[in-house]
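Participant: next one to model:
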Amino acid sequence: MKKKPLSKMGFFFVAVLLLWIKSYLIYVYEFNLDIQNSIQEFLLFINPISSALIFLGFALFAKGKRAGIWIIIIDALMSFMLYANVVYYRSATDYITLPTLTQTDNFGSLGGSIANLVAWHDLLYALDIIILIALFVWSKNNWSVARMPKRKPLLILAAGVMAFTINLGLAEADRPELLTRTFDRNYIVKYLGSYNFAIYDAYQTLRSSTQRVLADSSDITEVENYTKNKYAEPNKELFGVAEGKNVIKIHLESFQSFLIDYKLHGEEVTPFLNSLVHDESKNFTYFDNFFHQTAQGKTADAELIMDTSLYPLPQGAAFVTKGNNTYQALPAILGQSKEDYTSAVFHGDNKSFWNRDEIYKEFGVDRFFDSSYYDMNEENVINYGLKDKPFFKQSIPMLESLEEPFYAHMMTLTNHHPYLISPDEASIEPANTGDPSVDRYFQTARYLDESLKQFFDDLKEAGLYKDSVIMIYGDHYGISENHNQAMKQITGEKITDFKHTQLQRVPFFIKIPGVDGKGVDHEYSGQVDVMPTLLHLLGINSQDYIQFGTDMFSKGHKDYVVFRDGDYITPEYTVVGGQFFDNDTGEKIEPTEKMKEKQKTVRHELELSDEVLYGDLLRFYTPNENWEDVDTSQFSYGKNSHQEE
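Facilitator: Model prediction:
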């Protein structure tokens, strides 16, 4: 007997079923959603239903065969959005938000690495669309040309709304205040699905855009009171010890601390950095419990944190979405100090990347040496821009040209995903985990280490080394949790959520002229602490400014490190996904009331920082009687700008 073609409603339910199954499989196999109980497993399974019913249900209002066409189009759009998140997640271990879509050419920090993020099995994610097209061609001639009675699509939409309501109720029961206290996008996707997350994100983006309009001068008061209460008095022996000295800040791209002292094939991966850690003359202090605190903005977030002591935004990068805010950043503060510092950023990439040519003006950066200043010939460039060795070599004359004292920020590029390096420049063999990104990571890290040694030699030859404060820091992780299987081979142990958090350590070295280094310092600290630390070394009291970090050399330093998703770490315990772990054993522990209070403090701190950025609250705050707001019209960047004339 000849099979009867599908009815219009039958076609709709097949589309719903296929989208549901595909979404669930992607959640399970592509995203690390940390399912902890049967309720979460059930919610993960059912959460695509409401979105499929509602979005595809709108197509049923169309007339005749158009309903089928619209079902296919909507399904394809939802599938494209889901797959875009798959690719983005493989790179950033995160989900696309509306603010990240405004980051144009540097969207998601994927760049030329997209080809490395696509897998052959991804073709299966288009299989449901192919099936729908075939079913539509087979069935459409048997469909009525009339419009379906409105009650049917309305019932479908009502069923979708009911499914979402039940979903949300169960989610709130398992995770109270899910939508009101969400710092971690993983929770929204786990409980409500990626499609509902997109709606939530759109709402949050709209809400944040109105905060600046509604903000007034009274909103900064609570923030000021909090930061002044958190303030740590400077170490009396170190306060002002580097006053008037040059500052050279070196940014190590995607560099994690596990590389320090790590041996691959019996060789040190970073022999030069290791020598700074173990230098008997103790020129440097190395903080081995220093953590990055970045979010979606990665490198841009690190710059923001280090120069403002604010936390990054939960969505997108403030460099892009809040590029016209008022800031009271290190370059402006040092420029208005009695020493009248000249500030400069050195970076072998286009000046507009991450909106730097605009936000640096708000920061008060005097000079921006972008790619237009460097010899960007084919031999010198790989992946994201200028290779580190020619970058440092060519930067020396520009550094020498700066009026002293100066604050110089040097940004490396080569050690960036997908960690590309030519065979003749790789001085160590790759690892053999079978994961190309992880295997090459050690080669580009070695290249970066070699470029640093060369740079230090050139600084000494130029007479800029001895009398300068030199800071070296890692901006963010290099190996995401998507590479846990490979990292298990590297570390020799399973990468649990607890272990992954421990791997978020990045290096922080500091050399202070005339002061013996402390060797290895075990103080727990993060990027937000660097600004107040440096200000105190230069003889500037950080108490005047809105800062969420504290001086790392102070006896009153607050030694808990806050992560953007609301997790945090202390010397005794770590909080991951709302669960508490003992640092010594890695085992789960029951939190004390004091630990729960600390968790509330962490969340409050993040909320206050968000208020500063979303509301542009620093426009209402004057640090001291001598402070002058930055006049952005005084800055122009690029080799051919009037600034160079």
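
Participant: which residue is the nearest non-sequential neighbour of S542?
Facilitator: The spatial neighbour of S542 that comes closest, neighbours along the chain excluded (CB to CB, 6 or more residues apart in numbering), is P532 at 3.8 Å. Heads up, the C-betas are built off the backbone N, CA and C, glycines and all.

Participant: quick check, that neighbour in contact with I546.
Facilitator: No. Using CB atoms under 8 Å, P532 is not in contact with I546; the gap is 11.0 Å.

Participant: joint contacts of the two?
Facilitator: Jointly contacting P532 and I546 under the rule CB atoms under 8 Å, 6 or more residues apart in numbering are S309.

Participant: look at the two and report which has more neighbours.
Facilitator: P532 (29 against 22; other CB atoms under 10 Å).

Participant: mind listing what that one touches?
Facilitator: P532 neighbours (CB under 8 Å, 6+ apart): 231-232, 309, 542, 547, 549-551.

Participant: quick one: secondary structure of the residue nearest the centre of the chain?
Facilitator: In the chain, the C-alpha closest to the average C-alpha coordinate belongs to A295, at a distance of 2.7 Å (CA atoms, centre = their mean). Per DSSP: H, G, I helix; E, B strand; the rest coil, the local secondary structure of A295 is coil.

Participant: so it versus L613, what's the distance?
Facilitator: Per CB to CB, to the nearest Å, A295 is found 12 Å from L613.

Participant: so what sits against both of these two?
Facilitator: Contact criterion CB under 8 Å, 6+ apart; residues shared by A295 and L613: L313.

Participant: C-terminal to the helix or strand of the chain with the lowest mean pLDDT, what's the next element?
Facilitator: Ranking every helix and strand in the chain by mean pLDDT, DSSP states H and E puts helix 98-101 at the bottom, with a mean of 70. Per DSSP states H and E, helix 98-101 leads on to helix 127-139 as the next helix or strand towards the C-terminus.

Participant: show the average pLDDT along that following helix.
Facilitator: Averaged over helix 127-139, pLDDT sits at 93.

Participant: give the other helices and strands that that helix contacts.
Facilitator: Helix 127-139 sits against helix 8-29, helix 66-92, with contacts defined as 3 or more CB pairs under 8 Å, 6 or more residues apart in numbering; DSSP states H and E.

Participant: now the terminal residues of stretch 585-592, how far apart.
Facilitator: One end of stretch 585-592 sits 17 Å from the other (CA to CA, to the nearest Å).

Participant: what comes up buried for it?
Facilitator: Residues P591 are the ones in stretch 585-592 that count as buried (16 or more other CB atoms under 10 Å).

Participant: give me the contacts around it.
Facilitator: Residues contacting stretch 585-592 (CB under 8 Å, 6+ apart): 496, 498-499, 573, 579-582, 599.

Participant: pull the distance from that stretch to the chain's centre.
Facilitator: 27 Å (CA atoms, centre = their mean, to the nearest Å).

Participant: check stretch 84-95 too.
Facilitator: Computed by CA atoms, centre = their mean, the chain-centroid distance of stretch 84-95 equals 12 Å.

Participant: what mean pLDDT does it have?
Facilitator: Rounded to a whole number, the mean pLDDT of stretch 84-95 is 83.

Participant: dump that stretch to PDB, keeping only the CA atoms.
Facilitator: Extracted in PDB, the C-alpha atoms of stretch 84-95 (Å, rounded to 0.1, in the frame of the first residue of the first chain):
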ATOM      1  CA  ALA A  84      27.300  28.900  15.800                       C
ATOM      2  CA  ASN A  85      27.300  28.400  19.600                       C
ATOM      3  CA  VAL A  86      28.900  24.900  19.100                       C
ATOM      4  CA  VAL A  87      31.800  26.500  17.200                       C
ATOM      5  CA  TYR A  88      32.100  29.400  19.600                       C
ATOM      6  CA  TYR A  89      32.000  27.100  22.600                       C
ATOM      7  CA  ARG A  90      34.800  24.900  21.200                       C
ATOM      8  CA  SER A  91      37.000  28.000  21.200                       C
ATOM      9  CA  ALA A  92      35.800  30.000  24.200                       C
ATOM     10  CA  THR A  93      33.900  27.500  26.400                       C
ATOM     11  CA  ASP A  94      31.100  30.000  26.300                       C
ATOM     12  CA  TYR A  95      27.900  31.000  24.400                       C
END
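
Participant: can you give me the buried ones in that stretch?
Facilitator: Residues of stretch 84-95 classed as buried under the neighbour-count rule (16+ other CB under 10 Å) are 85-95.

Participant: pretty sure the residue nearest to the centre of the chain is touching V562, no?
Facilitator: No. Using CB under 8 Å, A295 makes no contact with V562, being 11.5 Å away.

Participant: returning to that earlier point: and the contacts of stretch 585-592, which of them are in helices?
Facilitator: Within the contacts of stretch 585-592, residues falling in helices by DSSP state H are 498-499, 599.

Participant: all helices for the stretch 501-645 of the chain, in order.
Facilitator: Using DSSP state H, counting those that start in this stretch, the helices of the stretch 501-645 of the chain run over 530-537, 593-614.

Participant: ranking those by burial, who's on top?
Facilitator: helix 530-537 (a mean of 26; mean count of other CB atoms under 10 Å).

Participant: just give me how far that one sits from the chain centre.
Facilitator: Mean C-alpha position of helix 530-537 versus that of the full chain (CA atoms, centre = their mean) differs by 23 Å.

Participant: using PDB, write out every CA atom in it.
Facilitator: Included here for helix 530-537 are C-alpha records, laid out as PDB according to Å, rounded to 0.1, in the frame of the first residue of the first chain:
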ATOM      1  CA  VAL A 530      47.600  44.800  40.100                       C
ATOM      2  CA  MET A 531      46.500  48.500  39.700                       C
ATOM      3  CA  PRO A 532      46.400  49.300  43.500                       C
ATOM      4  CA  THR A 533      49.700  47.400  43.900                       C
ATOM      5  CA  LEU A 534      51.400  49.500  41.300                       C
ATOM      6  CA  LEU A 535      50.000  52.800  42.400                       C
ATOM      7  CA  HIS A 536      51.300  52.200  45.900                       C
ATOM      8  CA  LEU A 537      54.800  51.300  44.600                       C
END
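
Participant: gap between the helix or strand F272 falls within and the chain center?
Facilitator: Element membership of F272 [criterion: DSSP H and E] is helix 271-277. Averaging C-alpha positions (CA atoms, centre = their mean) puts helix 271-277 27 Å from its chain's average.

Participant: over to stretch 600-613?
Facilitator: 17 Å.

Participant: contacts for that stretch?
Facilitator: For stretch 600-613, contacts defined as CB under 8 Å, 6+ apart pick out 181, 183, 211, 215, 219-220, 222-223, 226-227, 310-311, 313-314, 318, 322, 325, 546, 548, 560, 562, 564, 566, 568, 575, 617-618.

Participant: show me the residues you listed that map onto strands.
Facilitator: Within the contacts of stretch 600-613, residues falling in strands by DSSP state E are 562, 568, 575.

Participant: hmm, back to that, need the helices of the stretch 501-645 of the chain in CSV (columns: mean pLDDT).
Facilitator: Converted to CSV, these look like this (pLDDT from 0 to 100):
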stretch, mean pLDDT
helix 530-537, 98
helix 593-614, 96
